[in-house]
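Colleague: Predicted model and sequence follow; I will ask about them next.
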Protein chains: 4
Amino acid sequence: MRISSHFDGGNIECRDSSDPQHISLNIREDGAADFSQWFYFRLSGAANVACRLVIENAASCSYVEGWDDYRVVASYDRENWFRVNSRYEDGKLIIEHEPELNSLYFAYFAPYSMERHHDLIAWAADSGDCEVDVLGQTVDGRDMDMLTIGDEREGKLKYWVIARQHPGETMAEWWMEGFISRVLDKSDPIGREMLERATFYIVPNMNPDGSFRGHLRSNAAGANLNREWQTPTLERSPEVYHVLEKMKQTGVDLCFDVHGDEALPYNFIAGAEGIPSWNEHKQSQLDRFKAELVKASPDFQTKFGYDVDEPGQANMTVCTNNIAERFDCLAMTLEMPFKDTVDTPDYEQGWSPERCMRLGEASLNAMYQYTIA
Amino acid sequence: MRISSHFDGGNIECRDSSDPQHISLNIREDGAADFSQWFYFRLSGAANVACRLVIENAASCSYVEGWDDYRVVASYDRENWFRVNSRYEDGKLIIEHEPELNSLYFAYFAPYSMERHHDLIAWAADSGDCEVDVLGQTVDGRDMDMLTIGDEREGKLKYWVIARQHPGETMAEWWMEGFISRVLDKSDPIGREMLERATFYIVPNMNPDGSFRGHLRSNAAGANLNREWQTPTLERSPEVYHVLEKMKQTGVDLCFDVHGDEALPYNFIAGAEGIPSWNEHKQSQLDRFKAELVKASPDFQTKFGYDVDEPGQANMTVCTNNIAERFDCLAMTLEMPFKDTVDTPDYEQGWSPERCMRLGEASLNAMYQYTIA
Amino acid sequence: MRISSHFDGGNIECRDSSDPQHISLNIREDGAADFSQWFYFRLSGAANVACRLVIENAASCSYVEGWDDYRVVASYDRENWFRVNSRYEDGKLIIEHEPELNSLYFAYFAPYSMERHHDLIAWAADSGDCEVDVLGQTVDGRDMDMLTIGDEREGKLKYWVIARQHPGETMAEWWMEGFISRVLDKSDPIGREMLERATFYIVPNMNPDGSFRGHLRSNAAGANLNREWQTPTLERSPEVYHVLEKMKQTGVDLCFDVHGDEALPYNFIAGAEGIPSWNEHKQSQLDRFKAELVKASPDFQTKFGYDVDEPGQANMTVCTNNIAERFDCLAMTLEMPFKDTVDTPDYEQGWSPERCMRLGEASLNAMYQYTIA
Amino acid sequence: MRISSHFDGGNIECRDSSDPQHISLNIREDGAADFSQWFYFRLSGAANVACRLVIENAASCSYVEGWDDYRVVASYDRENWFRVNSRYEDGKLIIEHEPELNSLYFAYFAPYSMERHHDLIAWAADSGDCEVDVLGQTVDGRDMDMLTIGDEREGKLKYWVIARQHPGETMAEWWMEGFISRVLDKSDPIGREMLERATFYIVPNMNPDGSFRGHLRSNAAGANLNREWQTPTLERSPEVYHVLEKMKQTGVDLCFDVHGDEALPYNFIAGAEGIPSWNEHKQSQLDRFKAELVKASPDFQTKFGYDVDEPGQANMTVCTNNIAERFDCLAMTLEMPFKDTVDTPDYEQGWSPERCMRLGEASLNAMYQYTIA
Ligand SMILES: [Ca+2]
Ligand SMILES: [Ca+2]
Ligand SMILES: [Ca+2]
Ligand SMILES: [Ca+2]
């Protein structure tokens, strides 16, 4: 019986795997930074053996409330990810499961590898309706890929859509597959109409280094990228630096930043309510967008979410706040659950890659209604 | 050089194919009935030969205005259907085209074979979330397939969706592929939520005999099924008879009947405005549904369509009118173009199977919004 | 509960389906001819009902020995065909089966529809390495499709491969899918090398009318095409007439005619041993080819097969004999089982479409070794 | 314009990319070892720009003769790899190419990522006919995956098939895809018959660390694994150590080790002629196997290859020699070209993934004939 995680996005430390009933594991911290919660590992040699795997340091992870009512995802074939029984107890996350085959992968959420990222970019670039640009490079030297979809003629709206600043929030890049597929689908009238009105600038993965390293929230320099938008630097946060520079070139009329939330079992949007320039117009834009997304997807709701910032109390290092203020535009953060949506639950899969894609598709309906109103 | 149409859905009469520049064709009438416009044939042996094909009897077809601004569809691989140059001139439809390969199919619209119909039914039945029932048999002895999607527990709405009463309107069954796929997609929240509220009774093809025979509008007995809903008979219109009997068993809360229109270059909905029981409430239901479909699909519009019946002047033999009155419910006819949508045109493909599917998917958004309002 | 067969290739007569335990059926004869054994029908409305279907006239079918140790094929999804329990008893073929779903297809062997035939031709034609020609038309007016693969430069061998003279022998066209795929695969060195040496003339379906009509052995005029090669006529056997005329144009260096045998549970080859010009050289050619196919496929064998004709006693109306003599070439008939191969059985599927394709692929190995020797 | 290689299997050092006509590159050495020749990088931002890329240190790579008549592979979509113009001149490898898109990958041969390796293992494990075992871990801590196909009942032959000891020889793992697919195909009679006679032990990738790191020949400790079979150690060559230990448990009746050769434009097999126990019987076994592979694949030949070792002069640290002697069995090294096969060339793709798969499939024919003889 073996535990391994030496692969694209893997993260675990195996303390002891000698006894199937006492497999002792720790989640590794994000390299230079004090974050942890993402895990992704393979259990081999355990076919038809009742196993009990214990993540010992679950209580010291970044979002302990993330473990409540959470169930681990697993896959034999690396395509279909199902939920297995797990529970948080006495500060530990306990998985009790008897694999059917000798090789079974476990993860915090369905992983999205950098190889799949490269395939996504290559597929979009090869579709003929999309330009790919490398804006710069990450701390580790990986490419920062941006897709431009739609011509850039003058007068068109500039819509920025970015995802996965926090690399462990893989649902954000699954969402991108749905969103991008639909924007590129020439038979889809909403995609076609949107491209008449807007040029899309899309960064499907804001944090390639963290994605590969199996980080939860930070890049290779230990930076939480979503706290770097005020004054990003080439040393500490080149990922943000390059994207922001490009935004300055193109301008921004709408910014949509896609995330996952460890604790809340809901899809929701956080706005930029606490920024200095917030006003009724901006509030109504935000409300309108959210109302449209409610209509487009029953998996989305507006009742539960983060507490709204007090006026003027926004953290201006956060993407949504910074961009909303800097470009005087609608900026939003979409949060999806690691767990499931409590109002529309799926016991077998929980919140899943396929459901992320559907929400990505539905988000285009909301953007379209917002745009033409 | 040969012309043939002896296959599933084929229709042409070849008068002369000896000279590539004077290939003389006639569209055959619908067996027992005096309708004609559907054609579907194969041209072989003409690779790299400039051909001029003339449909001589175009002026005597059912909808002469259908030929204006119409372009014929063609395919080499029977999957990708593109438009070729054609024009209506001096009462004839003229196609001028030089095939790249020795075998090229031409049709009025992308064909949808009975074999594909059987595959669609088998796929749905095998999906595990769908019951298939054979309600009875057609004049020629083919099965009348109905899908029931969603459990039938008491209190749920009963939504009927039927297509292709007029067999040459193949777009209606392409629409069904999009619609059914989405209803069966467990990851789609709108599909899932709809199934909480409604049971779907779906007849993807109301006219199998006409479909196979290559008819435009009638069944094997020469009946225009959409004029048979008042008093269908087992002899003349068993297809309608069996469906109506089943409707009486289940009840009907909404009826959606999918068609194509030869002349108008628009997607639109015709309601039951002329029925005796029409009132403001019904008008507002219809308006609301149409408004939701406008939102869900830019390919749909409400400006152009059929003239609305005067109060009390509805033809009660028509499905939508009959069902609206009989079951006191919202009933509608969706019409899609054979040509293209003039507001959102696609020069290469015109209105196409893929776009029909997208509209089928979008129609579920409209049904959902209509239902929860 | 209903039985239907009004579809592409269907064949059954339902005498009574009122009692699931006594579903009474007859196989219809081949139109104008006194052959019968092919059946293909759909049972609907029988989910979770134990059914007993009886083919009453099994004893009067063409090959009664075909029912011994034979098991019927069935499919829910029309793609995966599995065997169900059936037995021949007191002159009747009895199927006892409880369907899991409301729609289940039964057949003598996995059907191969004319629509699939058209798709096969279109796919090959569109591959870029293949010419499709329509040689003429059948009695009913269907196209006789021939594929030419490989350039026709002088000095190359002319290899003819034809299938399904007997339309109920659908395994022959499944075999074609494997064979043609491999000949067209540019990455396959045997395909590439063969095309350096030979031009292939391929007729994937010699009997489109019988295929569509659900015949066992004859065309629409009642002709057993494999008894028409001496003096085919445009009236009675245009299918053979057109192919033979084309053979006269091209010449024939090898002729491979693909069939199925009702009785024998083996794959085997019948040669032209009884023709006037038979000699040691021809015998060694035949033996060599068969030995190579044994090597290429363990599903093929040479121990069991038809009795060999006495010298000079060949029926010269049969394709293999006629072509072997007429063109002084190697001509062979490949026979595949309806049942299974007793030496390499597959209980679940028996002889199957997939295994036919594998044998089609393997046959190219044999042709290649035969050719280069 | 940018060059990057920070991905799975990537290898390049970019010295200067400021001028498209003078893009200056070096191939990095294999970490701890003095080997180099594998390269794999992405060029971005160069759509429609004529580029000249120069690998400056080509003359100091491991196999300088590998550059003669060699053409670089490239891909936009990461699936289809085509050859581009390149030449070896004055000790440099020069690529002159104008990309059509902004993102183009170049490599020494079509890459095979570790993610694809994990998918291959997961697919095989999930097929139901295959056990996967992790034999141990690599120097970097990656899993050493072994597939067992076929039951292990007593008396069956034990056939070992391993690949990619030299990680830059990616063709070896492409070969595995063809070979494994066929062994697992239940419809393939050769696969089925082989599994009656032999149990397969398959290691699709002997060198995961080198594969990921973009090495040509060595593992993470700098060891050339194919010189470690005499006395492998857990420190320096755990990959070989674990496989050899498992071989000792199972025994070995045949060992097939799959490689690529930088210089020779041929597929060929190297035997163990120089081992102490070599004799006529072993020679005839080897000759017989090679003759069968010639028959199964025109891409394989026996005329060109490595010089045969003098009697008793074999390097016993090499897998084939060591296993042949240790287990007194037939052991062989299959070599495929990086270039192309000069006798059966494909100008567009050269030797390619698809052709590797075909050879993997054909190798099973040879094994089968060898086995049953
Ligand atoms: Ca986040
Ligand atoms: Ca109509
Ligand atoms: Ca036969
Ligand atoms: Ca090597």
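Modeller: Received, thanks. Residues are numbered from 1 along each chain as shown, chains lettered A, B, ... in the order given. Ligands and ions are numbered 1, 2, ... in the order given.

Colleague: wouldn't residue A:118 be in contact with residue D:78 here?
Modeller: Yes: the criterion here is CB atoms under 8 Å, and residue A:118 meets it with residue D:78 at 6.5 Å. (C-beta placed from N, C-alpha, C; glycine too.)

Colleague: how near is the closest residue to ligand 1 within the stretch 151-300 of chain A to residue C:372?
Modeller: Per CB to the ion, residue A:259 is where the stretch 151-300 of chain A lies closest to ligand 1, at 3.6 Å. Plainly put, residue A:259 is 63 Å away from residue C:372 if you go by CB to CB, to the nearest Å.

Colleague: hang on, isn't residue A:81 packed against residue A:354?
Modeller: No: the criterion here is CB under 8 Å, and residue A:81 misses it with residue A:354 at 9.6 Å.

Colleague: Could you give the number of residues near residue A:152?
Modeller: Neighbour count for residue A:152, taken as other CB atoms under 10 Å in any protein chain shown: 11.

Colleague: Kindly list the main-chain dihedrals of it?
Modeller: phi -110, psi 30 (degrees, to the nearest 10).

Colleague: If you drop the residues flanking it in sequence, what lies closest to it?
Modeller: Closest residue to residue A:152 apart from its sequence neighbours, by CB to CB, 6 or more residues apart in numbering or on different chains: residue A:199 at 5.1 Å.

Colleague: which SS state does that neighbour fall under?
Modeller: strand (DSSP: H, G, I helix; E, B strand; the rest coil).

Colleague: Quick check: beta-bridge partners of it?
Modeller: residue A:158 (DSSP bridges).

Colleague: which stretches of the stretch 51-200 of chain A form strands?
Modeller: A:51-55, A:73-75, A:82-83, A:86-89, A:92-97, A:103-107, A:130-137, A:143-149, A:157-163, A:198-203 (DSSP state E, counting those that start in this stretch).

Colleague: tell me the contacts of residue A:224?
Modeller: A:33, A:35, A:166, A:217-218 (CB atoms under 8 Å, 6 or more residues apart in numbering or on different chains).

Colleague: what's the closest of those to residue C:61?
Modeller: Sorting those by how near they are to residue C:61, with CB to CB, puts residue A:166 at the top with 69.7 Å.

Colleague: Can you give me the separation between the nearest residue to the closest one once chain neighbours are set aside and residue A:224?
Modeller: Distances taken as CB to CB, 6+ apart put residue A:217 closest to residue A:166, at 4.6 Å, once the chain neighbours are dropped. Noted for residue A:217: a distance of 5 Å to residue A:224, by CB to CB.

Colleague: I'd like the distance between the spatially most central residue of chain A and residue A:2.
Modeller: Central residue of chain A (CA atoms, centre = their mean): residue A:172, 2.7 Å from the mean position. From residue A:172 over to residue A:2 the distance is 31 Å, taken as CB to CB.

Colleague: What about the residue nearest to residue A:152, how many residues nearby?
Modeller: Residues near residue A:199, counting by other CB under 10 Å: 19.

Colleague: Could you pull up the contacting residues of it?
Modeller: Applying CB under 8 Å, 6+ apart, we find residue A:199 in contact with A:148-152, A:156-159, A:250.

Colleague: Of those residues, just the buried ones, ChimeraX syntax please.
Modeller: A single ChimeraX command selects the buried members of the contacts of residue A:199 (16 or more other CB atoms under 10 Å in any protein chain shown):
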select /A:148,149,150,156,157,158,159
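
Colleague: list the buried ones in stretch A:98-105?
Modeller: Buried-residue list, stretch A:98-105, by 16+ other CB under 10 Å: A:99, A:101-105.

Colleague: can you put those in TSV and add pLDDT and distance to chain C?
Modeller: Output for the buried residues of stretch A:98-105, formatted as TSV (pLDDT from 0 to 100; distance: CB to the nearest CB, whole Å):
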residue	pLDDT	distance to chain C
A:99	98	26
A:101	96	22
A:102	96	25
A:103	97	26
A:104	98	27
A:105	98	28
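
Colleague: among these, which are in reach of chain D?
Modeller: A:101-103, A:105 (CB under 8 Å from any CB of the partner chain).

Colleague: before we move on, the earlier item: hmm, which two among the buried residues of stretch A:98-105 are most spread apart?
Modeller: Spatial extent of those (CB to CB) is set by the pair A:102 and A:105 at 12.1 Å.

Colleague: pLDDT score for the residue nearest to the centre of chain A?
Modeller: Listed pLDDT for residue A:172 reads 98.

Colleague: hang on, the earlier thing: give the residues shared as contacts by residue A:217 and residue A:224.
Modeller: Counting by CB under 8 Å, 6+ apart, the shared contacts of residue A:217 and residue A:224 are A:33, A:35, A:166.

Colleague: What helix or strand is the nearest residue to residue A:139 once chain neighbours are set aside located in?
Modeller: Once flanking residues are discounted, residue A:139 sits nearest to residue A:220: 3.9 Å by CB to CB, 6+ apart. Using DSSP states H and E, residue A:220 falls within no helix or strand.
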